[in-house]
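Asks: Here you go, sequence then predicted model.
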Amino acid sequence: MTIYDVARKAGVSPSTVSRAFSRPGRVSAETAARIRSVAEDLGYRAKPLHQACRDQKSSTVVVVLPDVTNPVYFGLIRGIEEAAAAAGYGVMLADTRWSEAQERAVFDRALVGFDGVISAGSRLSDRSLRAAASRCPTVLLNRIVPGTRSANYDIAAGVGAALRHLADLGHRSVTYVAGPAESWADGMRWRAVRETAPQLGLKLYRVGPYMPTVPGGAAAAEAVRRHLPSAVVLFNDMLAIGLLGGLASAGIQVPGEVSVVGFGNMFGADFCSPPLTTVAAPMRGLGAAAFRQLEHAMRRAPMNAQDVVTLPARLVVRRSTGPARGRRVLVPTRSRGADSASAGRELRPAAVARSS
């Protein structure tokens, strides 16, 4: 007798049955009573949630993403799938649509019948994520929560490379366009910008938060236009591409009047006009590293310092950045055989931490 049999007879979802036994406060009293009555009739006895997760081997892991339509996740998904397939596991994708409530519902379902969870861009609290990890093997992407496993890229090094590039082009001020207020990654990027900009003599401004989407970037264009900084760094590439469109509609030239830097180097970042300078995260490698971390968790291996993995980041320079207004800066010329729309120079950070 399984939780699915109880759910079928009670007329509810398996996740509701799970909550009735593990989190009764999140199920109405009437529904909980009906579930318990059905379970008693069927002879079903609930196991502790962590034991259920361990016992019900599905050879499938769940990847929880805030927006599956964001091209930045293409490489990440491929990296996870390749590593999972090599280990004999399948992968299921779950889209939370940047909703904390949806993410909680996904976690509730994932904790029943799946072998592990990889979560990117989580909006849940540290306490909630630690609780989830205690019940079912869980790995976080680009989020560090003490007591959990994670795979990240070096945000500080990426930000440093971007700001040094702008300073070398003669820029003396930069505006940061923030992503979601609840985003851990946004907080870390803003912290890195705030700490690095003064060291390079850059005045710093901030606008936002904005949804990390193309429409969000178009909305940010209005705020950026009010004081028209000479350079803008954005939370992600989707925002940056939306900003490019919004500035173009207003007749503002990029990079002639303002330089623009994104984050992620997503698929399509070199297709926009002009092609986008961006901090490139090693998404495919990040996905593979996350699954290796999940394998440790699924084997119940003891936690240690190596369970927080940090991969290097790099800056890919394209045509959305140029000399500051009124300044002439010598920049390396492209090779004649390169495709000017997609070729990019890579500036690697001088110091990159590979683990922490």
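Replies: Right, received. Where do you want to start? Fair warning: this is a prediction, and the values are worked out from it, not measured in the lab.
Asks: Find me the pLDDT at the residue nearest the centre of the chain, would you?
Replies: With distances taken as C-alpha atoms, centre = their mean, Gly121 lies nearest the centre of the chain, 4.0 Å away. Per-residue pLDDT puts Gly121 at 85.
Asks: Same check on the one 10 residues further on?
Replies: Ala131 carries a pLDDT value of 86.
Asks: Give me the three-state assignment for it.
Replies: Three-state call for Ala131 (DSSP: H, G, I helix; E, B strand; the rest coil): helix.
Asks: how about the residue nearest to Phe267 when sequence neighbours are not counted, phi and psi?
Replies: Closest residue in space to Phe267, ignoring its immediate chain neighbours: Pro71 at 4.0 Å, by C-beta to C-beta, 6 or more residues apart in numbering. Where C-beta positions appear, they are placed from N, C-alpha and C, glycine not excepted. The phi/psi pair for Pro71 (degrees, to the nearest 10) reads phi -60, psi -20.
Asks: Just give the number of residues close to Pro71.
Replies: Counted by other C-beta atoms under 10 Å, the residues lying close to Pro71 total 15.
Asks: returning to what we had before: pretty sure the residue nearest to the centre of the chain sits against Glu182.
Replies: No: using C-beta atoms under 8 Å, Gly121 is not in contact with Glu182, being 9.7 Å away.
Asks: check contacts around the residue nearest to Phe267.
Replies: Shown in contact with Pro71 (C-beta atoms under 8 Å, 6 or more residues apart in numbering): 266-268.
Asks: With neighbour count, pLDDT and secondary structure as new columns, can these be given to me in TSV?
Replies: Below are the contacts of Pro71 laid out as TSV (neighbours: other C-beta atoms under 10 Å; pLDDT from 0 to 100; DSSP: H, G, I helix; E, B strand; the rest coil):
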residue	neighbour count	pLDDT	secondary structure
Met266	24	92	coil
Phe267	15	89	coil
Gly268	15	89	coil
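Asks: Against which helices or strands is the helix or strand Arg36 falls within packed?
Replies: Mapping Arg36 onto the secondary structure by DSSP states H and E places it in helix 29-42. Here helix 29-42 touches helix 3-10, helix 14-22, going by 3 or more C-beta pairs under 8 Å, 6 or more residues apart in numbering; DSSP states H and E.
Asks: so it versus helix 14-22, what angle?
Replies: Here helix 29-42 points in a direction 90 degrees away from that of helix 14-22 (axes from the mean of the first three to the mean of the last three C-alpha atoms, to 10 degrees).
Asks: Looking at helix 29-42 now, give me its mean pLDDT.
Replies: For helix 29-42, mean pLDDT is 84.
Asks: tell me which residues of that helix are tucked away?
Replies: 31-32, 34-36, 38-39 (16 or more other C-beta atoms under 10 Å).
Asks: ok, the residues you listed vs Glu103, which is closest?
Replies: Thr31 (21.9 Å; C-beta to C-beta).
Asks: For the closest one, give its distance to Ser18.
Replies: To Ser18, Thr31 is 13 Å away according to C-beta to C-beta, to the nearest Å.
Asks: Which one of the helices and strands packed on helix 29-42 has the poorest average confidence?
Replies: Set side by side, the helices and strands packed on helix 29-42 give their lowest mean pLDDT on helix 14-22, at a mean of 75.
Asks: For that one, list the C-alpha coordinates in CSV.
Replies: Provided in CSV are the C-alpha atoms of helix 14-22 (Å, rounded to 0.1, in the frame of the first residue of the first chain):
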residue,chain,number,x,y,z
PRO,A,14,0.1,12.6,-3.3
SER,A,15,1.7,15.8,-2.0
THR,A,16,-1.4,16.6,0.0
VAL,A,17,-1.3,13.1,1.6
SER,A,18,2.4,13.7,2.4
ARG,A,19,1.6,17.1,4.0
ALA,A,20,-1.3,15.6,6.0
PHE,A,21,1.2,13.3,7.8
SER,A,22,4.4,15.4,7.8
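Asks: Run through the neighbouring helices and strands of that helix.
Replies: helix 3-10, helix 29-42, helix 49-55, helix 100-110.
Asks: coming back round to it: return the distance of the residue nearest to the centre of the chain relative to Ala280.
Replies: In terms of C-beta to C-beta, Gly121 sits 18 Å off from Ala280.
Asks: what's the answer for Asn142, then?
Replies: 14 Å.
Asks: Thr96 too?
Replies: From Thr96 over to Ala280 (counting by C-beta to C-beta), the distance is 25 Å.
Asks: try Asp126
Replies: For Asp126, the distance to Ala280 - C-beta to C-beta - is 28 Å.
Asks: between these two, which one's more packed in?
Replies: When neighbours are counted by other C-beta under 10 Å, Asp126 and Ala280 differ, and Ala280 comes out ahead with 22 against 16.
Asks: where along the stretch 51-200 of the chain do the helices fall?
Replies: 73-86, 100-110, 126-135, 155-168, 184-196 (DSSP state H, counting those that start in this stretch).
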